[in-house]
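Engineer: need the 3D shape of this:
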Amino acid sequence: MPETQKQEQMSVQPPGFDLSEKPMTMKSTQLPETDGSESANKSLEADGQGQEDDYISGIRFYMVNTAVTLAAALLFLDTAIIATAIPRITDQFNSLADVGWYGGAYQLGSATLLPLTGKIYHYFSSKWTFLIFFTLFEIGSVLCGAATSSAMLIVGRAIAGMGGAGIISGALTIIASCMPLNKRATATGIMMGVSQLGVVLGPLIGGAFTQRTTWRWCFYINLPLGGVCILFLLGIHIPDQVKKPNPLVVLRNLHHHLDLIGFVLFAGSVIQLLLAVELGGNRFAWNSATIIGLFCGAGATFLLWFSWNWRLGDEALIPKSMTSKRPVWASCLMQALSMVTLFVVSYFLPTYFQAVQNRSPLLSGVQLLPSIIGQLIFAVLSGILVSKTGFVIPYAFIGAVLGAIGSGLFTTLVPDSSLGKWFGYQVLSGVGRGMVMQMPIIAMQASLEPKELSMANSLMMFAQSLLTSILLVVGNTVLDESLRTEIPKFAPNANVPEIIAAGATAFRSVVSTDELAGVIRAYSNSLDKVFYIGAVCASLACLVTPAMGWVDIRNKGPKSKAGTTSEESALESDEKVADDKTV
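Structural biologist: Purely as a prediction, here's the structure:
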């Protein structure tokens, strides 16, 4: 390119700025960015620099969006569908002691790889990386479906979790590669809204499979639907937002590019933390040496990782410049808090319907429809409105407020609560979650350069996965401990350990008629305490919302070379090395 053309490109600035007299002075006067506002403007310029030819449209786009949405839905379905299959699995394998590992192995596999997925997507093709992760997820599903022992099932769950680690972040990266930022909110809303139906529909489908056929179809269902996803993606070229370096060069220096030392330290810390949370109060007492040792080990390993990460700076597993931007950490926290409210409702509201109101598993799933429909409609609607108005904060805040109100009202449910109450509370909660669902994703993408998106997406998914995993265990612990104190109050003669061991639906068979009403009241009061977790998280989301930043995603402009980040420079250096090696 002629030098004069380069200078003309470098001097192009967004409306309202006149830097034509001193086009090169930005480098010497640029201040450190802490709130992400200037970076947001640069990223919008960068995002808008591509021509329409850089994106895909028409039937190709719909096929890609369908594929990644279906893949994400299978992932969420897989996390929820196993709950109704566990009793039959334990009967077949005589493995009641392994129940915690059927979910824990999946979480451990996912948490281990999640921090690394951003780096992998950063250096390798988003399409083929996504397909590899999804294939790994499918392999894990096959092993689970064909399991001949409890150990084989646990291994399959761990492999499925490792594959699932890269599915949601990969789907978001692919959507970002397929369309400009100002059109992304609608597509992201559809993907998140439809895919998260899997969390609610999982128990319904799992119950149907378990009762009508076999529990193995809870895993085999991923194969035909997953095949559709793979076929849709194989035949379509998906452009990467940024040029990828030579894969051979990356592989030769894999430990440096992926920060494998940082990954080992961080994964070790997370695994110890999740093991402590999973085993505490279950196999070991919370004050036992094993649990205390795991917590201490997690803390010590985290400090080692933090010092290593700080030392490497932008070359680290989690780049320091990224986490220092307020919209990034605020969006990650917002997404994690909103997902906790979703999982608390999806996991514990069916328990209220079954244990307190004596509904069947199938009917309890049907009674979640108000939440499902409200969430889906407003996830799509709010995405369209953001594309038109350009700002995410108003919709995110309104949604967070509605979600907080709805979640708070769940704490008022009693055994004889009317249809109007639980129906209305779900509508409020579902509408609120739907409005919030994709807003943190869009806000974060608007504050970053295209080259940072893959790592930011994986960071957000990791924060979401970690917080939901921990707080769901906390919810189970609150329910268990509360039952131990509430049952003696309302049913003094009841056998508390026997009632808890029987479970939320079978306890009626071990309780006398005189004590039944008291046990039901104890269950209702205990579930109210669990719902406070969702209410608190939704309320905190209201406070976090303004920190995501006010950025108009409709702004588009040519890319400015003056604001090149260190991450961009590093990638350009890698590409130069790759070219030299090729020559």
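Engineer: isn't residue 143 up against residue 149?
Structural biologist: No: in this structure, residue 143 is not within contact of residue 149 by C-beta atoms under 8 Å, at 11.0 Å. Where C-beta positions appear, they are placed from N, C-alpha and C, glycine not excepted.
Engineer: so if I had to pick from these two, which one is more boxed in?
Structural biologist: When neighbours are counted by other C-beta atoms under 10 Å, residue 143 and residue 149 differ, and residue 143 comes out ahead with 19 against 12.
Engineer: ok, the more buried one - contacts?
Structural biologist: Counting by C-beta atoms under 8 Å, 6 or more residues apart in numbering, residue 143 touches 152-153, 155-156, 159-160.
Engineer: looking at those, which are in helices?
Structural biologist: 152-153, 155-156, 159-160 (DSSP state H).
Engineer: now stretch 376-389: average pLDDT?
Structural biologist: The pLDDT scores in stretch 376-389 average 83.
Engineer: and if you look at stretch 500-520?
Structural biologist: 82.
Engineer: quick one: end-to-end distance for that stretch.
Structural biologist: End-to-end distance of stretch 500-520 (C-alpha to C-alpha, to the nearest Å): 12 Å.
Engineer: show me where pLDDT drops low in this protein?
Structural biologist: Counting by pLDDT under 70, the chain shows low-confidence ranges at 1-54, 84, 87, 95-100, 182, 245-251, 254-257, 282, 554-583.
Engineer: can you point out the buried residues in the host helix or strand of residue 128?
Structural biologist: Using DSSP states H and E, residue 128 maps to helix 126-145. Residues of helix 126-145 classed as buried by neighbour count (16 or more other C-beta atoms under 10 Å): 126-127, 129-134, 136-138, 140-145.
Engineer: would you map the helices across the stretch 51-200 of the chain?
Structural biologist: Chain-ordered helices for the stretch 51-200 of the chain, with DSSP state H, counting those that start in this stretch as the definition, fall at 58-93, 99-123, 126-145, 150-164, 167-178, 184-195, 197-212.
Engineer: which of those sits closest to residue 406?
Structural biologist: In terms of C-beta to C-beta, the element of the helices of the stretch 51-200 of the chain nearest to residue 406 is helix 197-212, at 14.9 Å.
Engineer: which residues does the closest one contact?
Structural biologist: 72-85, 88, 215, 217-218, 221, 342-343, 346, 350, 361-362, 364-366, 368, 371-372, 376.
Engineer: restricted to buried residues, select the residues you listed in PyMOL.
Structural biologist: Buried residues within the contacts of helix 197-212, by 16+ other C-beta under 10 Å, are selected in PyMOL with:
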select buried, resi 72+73+74+75+76+77+78+79+80+81+82+83+84+85+88+215+217+218+221+342+343+346+350+361+364+365+368+371+372+376
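Engineer: what does the domain assignment say about this protein?
Structural biologist: The chain breaks down into these domains under automatic domain parsing: 52-243, 259-316, 323-554.
Engineer: gap between stretch 65-73 and the chain center?
Structural biologist: The chain centre lies 14 Å from the centre of stretch 65-73; the measure is C-alpha atoms, centre = their mean, to the nearest Å.
Engineer: and for that stretch, what's in contact with it?
Structural biologist: With C-beta under 8 Å, 6+ apart, stretch 65-73 has contacts from 130, 134, 167-168, 170-171, 174-175, 178, 187, 190-192, 194-198, 225-226, 228-230, 232-233.
Engineer: can you do 7 Å?
Structural biologist: Outside of stretch 65-73, the residues within contact range by C-beta atoms under 7 Å, 6 or more residues apart in numbering are 134, 167-168, 171, 174-175, 187, 190-191, 194-195, 197-198, 225, 228-229, 232-233.
Engineer: who are the neighbours in contact with residue 293?
Structural biologist: So residue 293 contacts nothing (C-beta under 7 Å, 6+ apart).
Engineer: give me the element it is part of.
Structural biologist: With DSSP H and E as the criterion, residue 293 is inside helix 289-312.
Engineer: okay, that helix in CSV with CA atoms only?
Structural biologist: C-alpha atoms of helix 289-312 as CSV (Å, rounded to 0.1, in the frame of the first residue of the first chain):
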residue,chain,number,x,y,z
ALA,A,289,-8.9,-31.7,57.8
THR,A,290,-9.7,-32.8,54.2
ILE,A,291,-12.0,-29.9,53.4
ILE,A,292,-9.9,-27.3,55.2
GLY,A,293,-6.8,-28.6,53.4
LEU,A,294,-8.5,-28.3,50.0
PHE,A,295,-9.6,-24.7,50.8
CYS,A,296,-6.1,-23.8,51.9
GLY,A,297,-4.5,-25.5,48.9
ALA,A,298,-6.9,-23.6,46.6
GLY,A,299,-6.0,-20.3,48.2
ALA,A,300,-2.2,-20.9,48.1
THR,A,301,-2.3,-22.1,44.5
PHE,A,302,-4.4,-19.1,43.5
LEU,A,303,-1.8,-16.8,45.0
LEU,A,304,0.9,-18.5,43.0
TRP,A,305,-1.1,-18.2,39.9
PHE,A,306,-1.9,-14.5,40.6
SER,A,307,1.8,-13.6,41.0
TRP,A,308,2.7,-15.5,37.8
ASN,A,309,-0.2,-13.9,35.9
TRP,A,310,0.9,-10.4,37.1
ARG,A,311,4.5,-11.1,36.0
LEU,A,312,3.5,-12.1,32.5
